[in-house]
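> missing the sequence, but the structure's below:
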């Protein structure tokens, strides 16, 4: 490598001499001089060993490392083994968003005899697909303004994590399709309100949009904004699937005037979201605060979102509901496979309950305590296709939310640069030059088409199963291969509690957690 550098030095010197004769030689001398300077810097620097040993050529290692995700995604991975979303799923979202029939020739590429393969049970007597998509009435006995929720909605994504144009496109798409758009915990921005879509206003630990100067909950401001006609539901975020139990820091450099206004924080100052809420510290206080939020919101549907952790803790919340006579109108279960703009790898990979187990846990706990008929359950975490919707309804959900699939609909390429402010398509960035590439009118139509086609697909699947109403879906209809010759239904794989059984005679598998659950402590 040293010899290579010496050759470059010699060539550069020679070109300098002939450059005195003809100015054209500088066209070659310039690049060689630059390479010579770079090679000298490589030898002198102490940060990268590979560059000290391999000046110039060592930069190829960093170039290939930077290009690796794109090379993997476009040239190496098969249609069905990419992560987080494989090419097959991404393609079906893109095609539906563009209004193209999402059909494939020649048969499945999946190995249907592989352990873990899941499939739905068709009927020998299918039924007609309904003309109008099903909706779910959200609103318990204490709710005075119930809301009809679509089977698929926009999951929580904040302005700041997404660009202004992405938020506006999602909201206009929701308005076109008559489905809900969760604001995320970053506050109610002008971009959420301009599109005319129905909003679920999410409040996190930073209380953005209804925050005191000290970072607490500002009730009057919350009531004023919750009264807006665009706000159909309000939600308290306890935890997020990809990073449960962790707070956040928004550096002051990113807090521009728009973000500061939406979040109710000083412009240019770093904002910290703690990992816990200040307004409650026990299950009983949580339930009381939910009741207070609903009262302040004028009786609009009020609930909370969480990534399930301890079953005992959730049962403690159920006991608090029973003791206080108060229930949320909905609970959104976020799976650990859910997305995020940025999270520590250890949290994304190792913390939290996957959606299937979390969803079944929440459903069973509410059934076992006799509360299920008062509370609707939403499911979020890698929901992208019609079959995803049907599977989650079978597992206990009433409706679903999608975040990354909706991002695909507005043009996301799964470049996985959300945390770098360099999103190549203007979705997850605040760079004005990149944001302008996202055409709001076009992308809002794509969001509408994607949601409509996916819910239609779910309706077609249910009709093929002989199901006229989502309430007819049962765990018996979803099967999983667990061995070369063994297939089990979800009714067999998981325990399903009978209504009120925890109050009367808890089964042995739940008895210890139920006994230990305390409504006055987490």
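Great, that's in hand. Just so you know, these numbers come straight off a predicted model, no measurement behind them.
> please count neighbours and contacts with C-alpha atoms only from this point.
Noted.
> what are the ranges of the strands in the stretch 1-150 of the chain?
Secondary structure of the stretch 1-150 of the chain (DSSP state E, counting those that start in this stretch): strands located at 118-120, 135-138, 147-150.
> so where is the stretch 1-150 of the chain shaky, pLDDT-wise?
Within the stretch 1-150 of the chain, the ranges that satisfy pLDDT under 70 run 1-29, 67-83.
> follow-up on the earlier one: among the strands of the stretch 1-150 of the chain, which is nearest residue 261?
Nearest of these to residue 261, taken as C-alpha to C-alpha: strand 147-150 at 28.1 Å.
> list the neighbouring strands of the closest one plus their orientation.
strand 135-138 (antiparallel) (DSSP bridges).
> what lies in contact with the strand it pairs with?
146-151, 301, 329-330, 375-376, 398-399 (C-alpha atoms under 8 Å, 6 or more residues apart in numbering).
> just confirm residue 291 is within a helix.
Yes - Residue 291: assigned to a helix according to DSSP: H, G, I helix; E, B strand; the rest coil.
> so what's it closest to, chain neighbours aside?
residue 326 (6.8 Å; C-alpha to C-alpha, 6 or more residues apart in numbering).
> follow-up on the earlier one: can you list the strands of the stretch 1-150 of the chain in TSV and add distance to residue 254?
Output for the strands of the stretch 1-150 of the chain, formatted as TSV (distance: least, C-alpha to C-alpha, whole Å):
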stretch	distance to residue 254
strand 118-120	43
strand 135-138	36
strand 147-150	34
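> could I get those strands in TSV, plus columns for distance to residue 462 and mean neighbour count?
Below are these laid out as TSV (distance: least, C-alpha to C-alpha, whole Å; neighbours: other C-alpha atoms under 10 Å):
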stretch	distance to residue 462	mean neighbour count
strand 118-120	9	18
strand 135-138	14	16
strand 147-150	16	19
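> if we can go back for a sec, how about CSV for the contacts of strand 135-138, with distance to residue 336 added?
Listed next are the contacts of strand 135-138 as CSV, based on distance: C-alpha to C-alpha, whole Å:
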residue, distance to residue 336
146, 29
147, 27
148, 27
149, 23
150, 23
151, 21
301, 25
329, 23
330, 19
375, 22
376, 20
398, 19
399, 18
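> in the stretch 251-400 of the chain, mark out all the helices, start to finish.
Counting by DSSP state H, counting those that start in this stretch, one finds helices in the stretch 251-400 of the chain at the ranges 257-263, 283-296, 311-324, 345-350, 355-368, 386-394.
> sorry, slip of the keys, the one I care about is the stretch 101-250 of the chain.
With DSSP H, counting those that start in this stretch as the criterion, the stretch 101-250 of the chain has helices spanning 164-177, 190-194, 219-226.
> would you mind finding the most buried of those?
helix 164-177 (a mean of 26; mean count of other C-alpha atoms under 10 Å).
> chain center to it: distance?
16 Å (C-alpha atoms, centre = their mean, to the nearest Å).
> report all helices and strands that it contacts.
strand 152-154, strand 180-182, helix 190-194, strand 198-203, helix 440-464 (3 or more C-alpha pairs under 8 Å, 6 or more residues apart in numbering; DSSP states H and E).
> let me know the average pLDDT across it.
Helix 164-177 shows a mean pLDDT of 97.
> measure how that helix sits relative to strand 198-203, angle-wise.
130 degrees (axes from the mean of the first three to the mean of the last three C-alpha atoms, to 10 degrees).
> which residues are contacting helix 164-177?
153-154, 159, 180-181, 191-198, 406, 410, 426-428, 430, 435-436, 438-441, 443-448, 451-452.
> which ChimeraX command selects the buried ones in those?
Selecting only the buried entries of the contacts of helix 164-177 in ChimeraX, with 16 or more other C-alpha atoms under 10 Å as the criterion:
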select :153,154,159,180,181,191,192,193,195,196,197,198,406,410,426,427,428,430,435,438,440,443,444,445,446,447,448,451,452
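> distance-wise, check residue 169 relative to residue 329.
As defined by C-alpha to C-alpha, to the nearest Å, residue 169 lies at a distance of 28 Å from residue 329.
> cool, and residue 113?
41 Å.
> more neighbours, those two?
residue 329 (28 against 15; other C-alpha atoms under 10 Å).
> list phi and psi for that one.
phi -80, psi -20 (degrees, to the nearest 10).
> just the pLDDT for it.
So, for residue 329, pLDDT stands at 98.
> contact partners for it?
Under the criterion of C-alpha under 8 Å, 6+ apart, the neighbours of residue 329 are 138-140, 143, 301-303, 374-376.
> and if we set it to 6 Å?
139-140, 301-303, 375 (C-alpha atoms under 6 Å, 6 or more residues apart in numbering).
> kindly report the same for residue 354.
335-336.
> swap the cut-off to 7 Å and go again
Residues near residue 354 by C-alpha atoms under 7 Å, 6 or more residues apart in numbering: 335-337.
> go on, residue 409?
Residue 409 touches 93-94, 97, 446-447, 450, counting by C-alpha under 7 Å, 6+ apart.
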